[in-house]
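J.: need coordinates for the below:
(one chain, ligands or ions: 1)
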Amino acid sequence: MALDAMRSPCPHCGSTVFYKAPDPYVLAKVVQDEVGNISFKGSAGIPVVVVACDACGHIQLFSAVKTGDWNIGVELPVVT
Ligand SMILES: [Zn+2]
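T.: So this is what the prediction gives:
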C-alpha cells in the first residue's frame, strides 16, 4: 500500500520518481544508563519504510505499519 504522501513530489527537488527499499528498517530507541553508556534497542524501535528520490537522493521515512509493510506482533531484532 502506498500512502498519498509517497506520491507527492520530492520536497527537495520536485521530482516524482522514487525508489523504495525492499525491506522495512527500524528507528531504534536510544537508551542511556546511569553511568552514561548508550545502547540502541531495536525491539523498542519504530519500523519504517525508506523511500528515496531518484533525482537527488533525498530520503523520506514512512511508518511501515501505515504502508502495510510491517506485520504487527513480529519482534524486531535488538540492535546493540
Ligand atoms: Zn529530489
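J.: correct me if wrong: residue 32 contacts residue 41.
T.: No: with contact defined as CB atoms under 8 Å, residue 32 and residue 41 do not form a contacting pair (11.4 Å). Every C-beta, even on glycine, is put in place using the N, C-alpha and C of the backbone.
J.: the two: who's more crowded?
T.: residue 41 (15 against 9; other CB atoms under 10 Å).
J.: so which strand or helix has that one?
T.: Under the criterion of DSSP states H and E, residue 41 resides in strand 38-53.
J.: next one: residue 23
T.: Going by DSSP H and E, residue 23 is not in any helix or strand.
J.: give the burial count for it, as a bare number.
T.: 9.
J.: on that earlier part again, name the surrounding residues that touch the strand holding residue 41.
T.: Identification of contacts with strand 38-53 by CB atoms under 8 Å, 6 or more residues apart in numbering yields 6, 10, 12-13, 15, 17-21, 24-33, 58-65, 67, 69-70, 75-80.
J.: can you flag the buried ones in these?
T.: 10, 18, 24-26, 28, 60, 62, 64, 67, 69-70, 76 (16 or more other CB atoms under 10 Å).
J.: would you convert those into a markdown table that also reports pLDDT, distance to the ion and secondary structure?
T.: Shown next, in a markdown table, are the buried ones among the contacts of strand 38-53 (pLDDT from 0 to 100; distance: CB to the ion, whole Å; DSSP: H, G, I helix; E, B strand; the rest coil):
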| residue | pLDDT | distance to the ion | secondary structure |
| --- | --- | --- | --- |
| 10 | 95 | 3 | coil |
| 18 | 94 | 8 | strand |
| 24 | 91 | 22 | coil |
| 25 | 92 | 20 | strand |
| 26 | 90 | 24 | strand |
| 28 | 90 | 26 | strand |
| 60 | 95 | 10 | strand |
| 62 | 92 | 16 | strand |
| 64 | 90 | 22 | helix |
| 67 | 86 | 20 | helix |
| 69 | 87 | 22 | coil |
| 70 | 85 | 25 | coil |
| 76 | 49 | 29 | coil |
